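> Generate a structure from the sequence data that follows.
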Amino acid sequence: MALTTTEILLLLVVWGAYFVIHSVAASLTLKRWTARRLPNFMPGYRLTFNVLALVLLIPPLWLTWSLGGEPILEWRGAMAWLAWGLTLAGLLLFAVSLRFYDGAEFFGTRQLREGVRSVEDQERLHISPLHRHVRHPWYSIGLLLIWTRDMDGARLVAALAITAYFILGARLEESKLIAYHGERYRRYRRRVPGLIPLPWRRLTATQAARLEAGDLHSE
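The predicted model follows:
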């Protein structure tokens, strides 16, 4: 059975609510407000954010799974092998990318353990090998994993909503990075594409290292 208009709107509202909460919690505005008003909470801010992000993801995922709908896109034959190959490639890239992140800092356990109250945690300009090809590699990997799966009505609505949020979320994230890094990040953004890698727009390892170091005169 196809999704009704009410079901589609419900999916969009639930996913939209999650995206709004996630964006507000990640915003520089809320971080700075918390640092001023509740400074003792800042060491646990990142960890709390991550826990809420996971817990609040349950309702939209459950709704998407429960509504289902008629199959719209099904990978078959050679295309199924291609889809699974791309999925495995995405998972492998994600696993490789973890080598270039400080897990304790990303999850917030280091800030909590060391009593870090800085607003700027996780906002340093670090250009990993994947970041030399796209500015938001995890978003790119996420889109690859989403769009290589079979789709029913509910999953298609969710996939479109998530894709739209990744595009908008990337812009919101970059506004923070520009606020922190100014011309360094603007130079990086001009050289590297956002979500889809382009062979003629990338940084070499040397160029990335120089940009990280603040050399604005080197291309």
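> List the contacts of the residue most central in space within the chain.
By CA atoms, centre = their mean, the chain has its centre lying nearest to Tyr139, at 4.4 Å. Going by CB atoms under 8 Å, 6 or more residues apart in numbering, Tyr139 touches 166, 169-170, 195. From N, CA and C alone the C-beta is placed, and that goes for glycine too.
> If we use 7 Å, what do you get?
166, 170, 195 (CB atoms under 7 Å, 6 or more residues apart in numbering).
> ok, how many other residues are close to the last one?
By other CB atoms under 10 Å, 16 other residues sit near Leu195.
> Look up phi and psi at it.
Torsion angles at Leu195 (phi, psi; degrees, to the nearest 10) stand at phi -120, psi -30.
> isn't it right up against Ser140?
Yes: using CB atoms under 7 Å, Leu195 is in contact with Ser140, at 5.0 Å.
> For Glu110, which non-adjacent residue is spatially closest?
Not quite, residue 110 is Arg, not Glu. Ala104 (3.9 Å; CB to CB, 6 or more residues apart in numbering).
> Need the residues that contact the host helix or strand of Lys31.
In this assignment (DSSP states H and E), Lys31 forms part of helix 28-37. Helix 28-37 is contacted from outside by 24, 41-42, 45, 117, 119, 176, 179, using CB under 7 Å, 6+ apart.
> okay, the angle between the longest helix along the chain and helix 28-37?
Assignment by DSSP state H gives helix 153-181 as the longest helix of the chain. Per axes from the mean of the first three to the mean of the last three CA atoms, to 10 degrees, the angle that helix 153-181 makes with helix 28-37 is 60 degrees.
> residues of the helix or strand immediately after helix 153-181 in the chain that come out buried?
As assigned by DSSP H and E, the chain's next helix or strand after helix 153-181 is helix 183-191. Along helix 183-191, these residues count as buried under the neighbour rule (16 or more other CB atoms under 10 Å): 184-185, 187-188, 191.
> quick one, strands of this structure?
71-73, 151-152 (DSSP state E).
> most tightly surrounded among those?
Mean neighbour count, computed with mean count of other CB atoms under 10 Å, is highest for strand 151-152 among the strands of the chain, reaching a mean of 20.
> what about the residue nearest to Arg110, neighbour count?
Neighbour tally, Ala104, other CB under 10 Å: 13.
> got it, and Gly68?
For Gly68, using other CB under 10 Å, the count is 14.
> who are the neighbours in contact with it?
152, 154.
> go again using 8 Å as the cut-off
Contacts of Gly68 by CB under 8 Å, 6+ apart are 152-154.
> returning to that earlier point: save the contacts of helix 28-37 as JSON lines, and put in neighbour count too.
Below are the contacts of helix 28-37 laid out as JSON lines (neighbours: other CB atoms under 10 Å):
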{"residue": "Val24", "neighbour count": "10"}
{"residue": "Phe41", "neighbour count": "12"}
{"residue": "Met42", "neighbour count": "20"}
{"residue": "Tyr45", "neighbour count": "23"}
{"residue": "Arg117", "neighbour count": "15"}
{"residue": "Val119", "neighbour count": "17"}
{"residue": "Lys176", "neighbour count": "19"}
{"residue": "Ala179", "neighbour count": "12"}
